[in-house]
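> Okay, predicted coordinates and the sequence, questions at the end:
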Amino acid sequence: MNIENLGFETINLGHGSGGELTRNLLDKIIFKTFSNPFLDQKHDGSIVKIEGEIAISTDSFVITPIFFKGGNIGDLSVHGTVNDVAMCGAIPKYLSLAFIIEEGLKVTEFIEIVQSIKKAADESGVLIITGDTKVVERGKGDKIFINTTGFGAMHPKANISVHNIKEGDQILVNGFIAQHGMAIMSEREGLEFESTIESDSTNLNFLVKDLLDKFGDKIKLFRDPTRGGLGTVLHEIANDISKGVFLKEVSIPMEKQVSAACEMLGLDPMYVANEGVFLVVVDKSISAEVLALMRAHEKGQNAAIVGEITTEHPNKVVMQSLIGGKRIVSPLVGEQLPRIC
Amino acid sequence: MKYLSEYRNLEATKKMLDEIHKITTREWNIMEICGGQTHGLVKNGILELLPEKVRMIHGPGCPVCVTPLNLIDKAIELLEQGVIVCSYGDMIRVPGSKKSLLEAKALGGDLRVLYSPIEAVSIAKQNPDKEVVFFAVGFETTAPANALSVLHAEKENIDNYSILASHVLVPPAMEAILSDELSTINAFLGAGHVCAIMGLQEYYPLVKKYKIPIVVTGFEPLDLVQGIYMAVKQLEEGRFDLENQYARVVKEEGNISAIKVIEKIFEIGAREWRGIGKIPKSGYVIKEAYRRFDAEAKFNISDIKVPENSNCIAGEILRGIKKPHQCEQFGKACKPSNPLGAPMVSSEGACAAYYHFSTNLID
């Protein structure tokens, strides 16, 4: 995209006024990038046809810094919502996209974000069909906030419910945990800590679809442990069904660098955010097959069975330590790291 | 040589645990001084793997937990006066008498969470029109970095930087515990990282005076189990010696350059310990020559003593008289989301360790 032609270098209040500057911003950046038959109607909203039950999920993204190793706020805002729709057992198809921009944001940065959104949406197989752009005064935002809402029809074979879970069911994750949170942490001001850790931010919908295609209602639950990490999500599951979760620390996939960084900063990886990780709960009889399918998929190469559902210690998550002792994984209190998504 | 993975080895740890079981014939109470060790014991599930006769008592070695309530109030007052207050993350959720630093931040205070006081000096340099205070809490381990920050500020002529210091020392706390008539402690695991700075010299007199084994111990599962083994072995053999399990990190003489930096800025004086009270010669105070870097001298902040929450038994916890789950408030009125006292907040506090990790909570 040729920025020279835009005629402005930073976004100012006028770009959110609804007038000519707004039109300029929309035409030259937004509509040009995301052009599709729904959006090109340039109406107040889009009219789409979706048959049967649909899943809807919305999420706001306020991450700082807005650019980080492995992504930026743009692709994160697509992945986050696409994954939330997929976790319901649906096939994400459409996204809404709303920006709240602090005046003074560089147009080059905005364009980079918009292009990342486009790329992530294409890779996830979703269309941006409606949106909004507001600009707030300097000091009233933090560069840019994004809200996306995703829509998708339920997979015909899906029967996802925490209440389908029973004793003995196995818990799998698709890959290394704690990467996103630690990537963000390493970029924060005031932390003299350098690493090559990249965010794991990615879309998980195709792997979820493959699992549903093959195993249908034998898949009990999908969850993506974003804020609060794996520990918090497992705790929620245990509480929802009044059963226990038993984990083995040795089985939890984690990169050495991430593990070392967590240790250095005193953070527990069980509570560090992920953006490309999901857990799946399945009947024990199919757990090996599920694991094989996940490992054969690009987004699940480091998948592992990490634990199981038990009737012992109801409402509690208990982890067997590396040396064979046991400890509780309690719910996280407050944020380990603020504004990571 | 690696320093971590060998000390997390399952087989070696199991073997050492078996040895402890073999040699234990009597009941022993062993206190681990440091909160990091408490966490290591609980997080790795070591307590339940020890013989029933070997009971670990959790010591006062959590700097956040022993920082007096009114010092937190002082930090909050500075924040409310418009000072940029910098702190380690652990301190910010500890309740003061009215609110925590985090709550004061939500009300508009400029609070920065840092991993190093040297960064606070940079913040002072970048904000010459503002006062910057680092909340310098900790044992001997954090004292060198805090002292160094003062030296940096002095060298660069930064006069808008000061520290709100509450440095406490381990040996006087051990002595206070040993001279308490309620104390039932038979041996100590010494705090590995404190000794890495200070060396071993200060501990020989304690061993001799109180006829008590002290084993300076590290923090990994095998370190802890080996430290316990060495302590039990001494007790069973009727010995009382100073032994160093953590020799890969702790040298007899300590870290001489770090000690020099400490001695340049600080001198030993009386300090108030939350839950324990005032202990003479138990902490570092800023030397006269560096008083201009002492926030308590620099700012007009009130020094009002406020009573602790009467339902909190932090004092008994910190002296090892009671265990966290023996407190009536534990996990009920007192949780990390609503802590009645500091041991429930800090990541090194015994109550938080029990709340987060201990299987004692399993009904």
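Happy to help now that I have it.
> From here on, just use CA atoms for contacts and neighbour counts.
Will do.
> Count the residues that sit near residue 87.
Here I'm looking at chain A. Neighbourhood size, A:M87 [other CA atoms under 10 Å in any protein chain shown]: 25.
> wait, chain B
For B:S87, using other CA under 10 Å, the count is 24.
> In the one helix or strand A:S57 maps to, which residues are buried?
In the assignment (DSSP states H and E), A:S57 maps to strand A:54-61. Applying a neighbour-count criterion of 16 or more other CA atoms under 10 Å in any protein chain shown, the buried positions in strand A:54-61 are A:54-61.
> same deal with stretch A:41-57?
By neighbour count with 16+ other CA under 10 Å, stretch A:41-57 contains the buried residues A:46, A:54-57.
> which stretches of the stretch 151-300 of chain A have low pLDDT?
Residue ranges of the stretch 151-300 of chain A with pLDDT under 70: A:189-193.
> what ranges do the strands span in it?
Assigned by DSSP state E, counting those that start in this stretch, the stretch 151-300 of chain A shows strands spanning A:170-173, A:219-223, A:244-248, A:279-282.
> Relative to B:V249, which of these is closest?
strand A:244-248 (30.1 Å; CA to CA).
> Please identify the helix or strand for B:A258.
helix B:256-265.
> Can you give the strand pairings for the following helix or strand past that helix, parallel or anti for each?
Proceeding N to C from helix B:256-265, the next assigned helix or strand is strand B:266-273, under DSSP H and E. Paired neighbours of strand B:266-273 in the sheet (DSSP bridges): strand B:277-286 (antiparallel).
> residues making contact with whatever helix or strand comes next after the strand it pairs with?
Scanning forward in sequence from strand B:277-286 by DSSP H and E, the next helix or strand is helix B:295-298. Helix B:295-298 is touched from outside by B:133, B:162-165, B:291-292, with contacts defined as CA atoms under 8 Å, 6 or more residues apart in numbering or on different chains.
> Go ahead and confirm B:D294 touches B:A165.
Yes - judged on CA atoms under 8 Å, B:D294 makes contact with B:A165 at a distance of 7.4 Å.
> Give me the more crowded residue out of those two.
In this view B:D294 and B:A165 are compared by other CA under 10 Å, and B:A165 has more residues nearby, 26 against 21.
> now for the strand holding A:S57, which elements pack on it?
Contact partners of strand A:54-61 among helices and strands, from 3 or more CA pairs under 8 Å, 6 or more residues apart in numbering or on different chains; DSSP states H and E: helix A:73-87, strand A:144-154.
> among these, which is nearest chain B?
Comparing those by their distance to chain B (CA to the nearest CA), the top pick is strand A:144-154, with 20.3 Å.
> ok so, going back, now the buried members of the contacts of helix B:295-298.
B:133, B:162-165, B:291-292.
> and those as CSV, adding distance to A:I328?
Formatted as CSV, the buried ones among the contacts of helix B:295-298 follow (distance: CA to CA, whole Å):
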residue, distance to A:I328
B:V133, 37
B:S162, 41
B:I163, 37
B:L164, 36
B:A165, 35
B:R291, 46
B:R292, 47
